[in-house]
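S.K.: Below is the sequence, then the predicted model.
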Amino acid sequence: MSDKPIFDPVEWKLTEFQAQLNNKARTLASEKFAPRAAAYDRAARFPTENYIDLHKENLLGVCIPTAHGGSGADLKTYMLMAAEIGRYCGATALTFNMHVSSCLWTSVLADQLELPADTKSALETSRALHYQRIIDNGAIYAQPFSEGGAAAAGKKAFGTTALKTDGGWIVNGTKIFASLSGHANYYGALCTEIEKPDAALSRRNTMYIAVPADADGVSVSGEWDPLGMRGTVSRTLKFTNVFVPENAQLMPRGVYFQAAKQWPHMFMTLTPSYMGIAQAAYDFTVSYLRGEVPNTPPIKRRMYPTKQIAVAQMHIMLEQTKALWFQSISEACPNPSKQSIIRAWSAQYSVMENANEIAQLAIRTCGGQAMLRSLPLERLYRDSRCGALMLPWTAELCLDMIGKAALYNEGESDEDTEH
Ligand SMILES: Cc1cc2nc3c(=O)[nH]c(=O)nc-3n(C[C@H](O)[C@H](O)[C@H](O)COP(=O)(O)OP(=O)(O)OC[C@H]3O[C@@H](n4cnc5c(N)ncnc54)[C@H](O)[C@@H]3O)c2cc1C
């Protein structure tokens, strides 16, 4: 394995644990995932074999606390290692993120919230069950939040409902773009708890429930033939009167709502896949212009000044993106300052948009022979376009939030202003 780390451990002052984990992820992804990536993409097929490897390497439990048998990685440590995976297979990194998020919400994030003792003890009991399934059986969790309305953007209660019944809940609703659909063992779904079928929905009653994929009433439908991130298999997931028992709760009621409000950096977990893609598009370009890409003629193209300028522009954009992203994931904490949240939105926007910009510059600079399907660049280009679309922090919503936050202080409005 010859690729250098995206974040050099010495230069970026990584801990030994972070450096080791990154090394492990890079070795696995470059040796095993990279050679399989084209086939998953071509067939829009879920990377099942990669998940078997992730389990073998004990990486499915990377964010599970060590007391529960996991590696105990925190948010930053996870983000750094996930970027190394995204470099070699974007779809694996993005789906892995959905799985790992079920552990992050329930461990690092929840552990830093101020919770009453009985809630803490209920959380300990509920998460132990989920962690055990992951560590012992290699269970895979999905994270189907999106419903096609404003709920996934955090503006409205989820339309998927959990009606209280004896011994558990009856879940009904539809989730769109549910990555890992048909392949996860559990769907970590956000839904709104209700006491009667026609009750009003409130965001305060958000529940985070692990619906077993084989439960009666769970179905997957719709085609999956998208532009990019094809291996994520993000089809439509329907819950029709699905009974889930009490122990299906991933976190006690109310905890997700609190965690989502207090931990905005959590929504940056969609970025590492695209940070990795940006690095990969840059690396490919350098390698191609040096005449070093395997299975291509060893023709050097690096001597043309226009190509040198393009590579310089890509390099600057990559360094800017890395620096902002690294700062943002380094300062992630509960209840961050306003400046820190604005920086997180800026980092999210920069990773998602710059990954695509670097990929498109790579195609233009390398030229026609480099965009053939036998090479990874065109896949990186297609995959990179998907990042900006991902709720709750799409590129558009980031712009919207940054502009408003920069111009208005808490509680300010223009109602009394004369124009
Ligand atoms: C490859 C891929 C994998 C995905 N995997 C998952 C997954 O596993 N789980 C999951 O929950 N979701 C997943 N998603 C879904 C994703 O997060 C979005 O929910 C989905 O792309 C939204 O679709 P849309 O653009 O039709 O949304 P729409 O709601 O139609 O939004 C369109 C655009 O309008 C803007 N917009 C939306 N709401 C507002 C608002 N309130 N105010 C202002 N502007 C707004 C946003 O910029 C948004 O991009 C995935 C998406 C992709 C592309």
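M.R.: Cool, got the structure. This is a predicted model, so every value here is computed, not measured.
S.K.: Up against the ligand, what does the stretch 51-200 of the chain have?
M.R.: Applying CB under 6 Å from any ligand atom, we find that the stretch 51-200 of the chain lies next to the ligand at 98, 143-146, 150, 152-153, 155, 177-179. Backbone N, C-alpha and C define where each C-beta goes, glycine included.
S.K.: now those in TSV, with secondary structure, neighbour count and pLDDT?
M.R.: Converted to TSV, those look like this (DSSP: H, G, I helix; E, B strand; the rest coil; neighbours: other CB atoms under 10 Å; pLDDT from 0 to 100):
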residue	secondary structure	neighbour count	pLDDT
M98	helix	24	98
Q143	coil	24	97
P144	coil	28	97
F145	coil	23	95
S146	coil	22	95
A150	coil	12	81
A152	coil	21	75
A153	coil	13	76
K155	coil	11	81
F177	strand	23	97
A178	strand	26	98
S179	coil	26	98
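S.K.: I'd like to know how far S179 sits from S146.
M.R.: Applying CB to CB, to the nearest Å, the value for S179 to S146 is 10 Å.
S.K.: Let's check: the centremost residue of the protein is which one?
M.R.: Closest to where the C-alpha atoms of the chain average out (CA atoms, centre = their mean) is L270, at 2.9 Å.
S.K.: Need the per-residue pLDDT for that one.
M.R.: For L270, the pLDDT comes out at 98.
S.K.: For the chain, give the helix that spans the most residues.
M.R.: The residue-count maximum for a helix in the chain (DSSP state H) belongs to helix 338-366.
S.K.: Give me the buried positions along it.
M.R.: Within helix 338-366, the residues scored as buried using 16 or more other CB atoms under 10 Å are 340-359, 361-363, 365-366.
S.K.: check whether it contacts the ligand.
M.R.: No - against the ligand, helix 338-366 shows no contacts by CB under 6 Å from any ligand atom, the least distance being 10.8 Å.
S.K.: near the ligand at all, the helix or strand just after that helix?
M.R.: Using DSSP states H and E, the helix or strand that follows helix 338-366 towards the C-terminus is helix 377-384. No - using CB under 6 Å from any ligand atom, helix 377-384 never reaches the ligand; the gap is at least 8.4 Å.
S.K.: Domain map for this protein?
M.R.: 16-140, 161-254, 263-407 (automatic domain parsing).
S.K.: Can you name the residues of the stretch 201-350 of the chain sitting close to the ligand?
M.R.: 229, 232, 234.
S.K.: Report the secondary structure state of T174.
M.R.: Going by DSSP: H, G, I helix; E, B strand; the rest coil, the secondary structure assigned to T174 is strand.
S.K.: just A73 next, same as before
M.R.: Going by three-state DSSP: A73 is coil.
S.K.: I figured it hits V62, correct?
M.R.: Yes - at 4.9 Å, A73 counts as touching V62 under the criterion of CB atoms under 8 Å.
S.K.: Residues in contact with both of these two, list them for me.
M.R.: 21, 81 (CB atoms under 8 Å, 6 or more residues apart in numbering).
S.K.: from the stretch 201-350 of the chain, which residue is nearest to the ligand?
M.R.: Residue nearest to the ligand within the stretch 201-350 of the chain (CB to the nearest ligand atom): M229, separated by 3.6 Å.
S.K.: number of nearby residues for that residue?
M.R.: Residues near M229, counting by other CB atoms under 10 Å, number 29.
S.K.: contacting residues for it?
M.R.: 90-91, 94, 383, 386.
S.K.: can you check L123 too?
M.R.: L123 makes contact with 106, 110, 115, 251-252, 255, according to CB under 8 Å, 6+ apart.
S.K.: coming back round to it: what's the closest of the contacts of M229 to P305?
M.R.: The closest of those to P305 turns out to be D383 (CB to CB; 30.1 Å).
S.K.: hang on, isn't that closest one packed against T232?
M.R.: No - at 9.6 Å, D383 does not count as touching T232 under the criterion of CB under 8 Å.
S.K.: residues shared between the contacts of the two?
M.R.: In contact with both D383 and T232: A91, using CB under 8 Å, 6+ apart.
S.K.: and L201, what pLDDT?
M.R.: L201 is given a pLDDT of 92.
S.K.: Numbering from 465 from now on, please.
M.R.: With the count now opening at 465, the last piece we talked about shows up as L665.
S.K.: Could you say which helix or strand holds it?
M.R.: Using DSSP H and E, no helix or strand contains L665.
S.K.: I'd say T829 and T749 touch.
M.R.: Yes - using CB under 8 Å, T829 is in contact with T749, at 5.8 Å.
S.K.: Touching both of these two, which residues are there?
M.R.: 774-775, 778.
S.K.: Q743 - how many residues pack around it?
M.R.: A count of neighbours around Q743, defined by other CB under 10 Å, yields 25.
S.K.: I'd assumed L782 was in contact with it.
M.R.: Yes - contact criterion CB under 8 Å: Q743 and L782 qualify, at 6.8 Å.
S.K.: Could you dump the shared contacts of T829 and T749 into JSON lines and include pLDDT?
M.R.: Putting these into JSON lines (pLDDT from 0 to 100) gives the following:
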{"residue": "A774", "pLDDT": "98"}
{"residue": "V775", "pLDDT": "98"}
{"residue": "M778", "pLDDT": "98"}
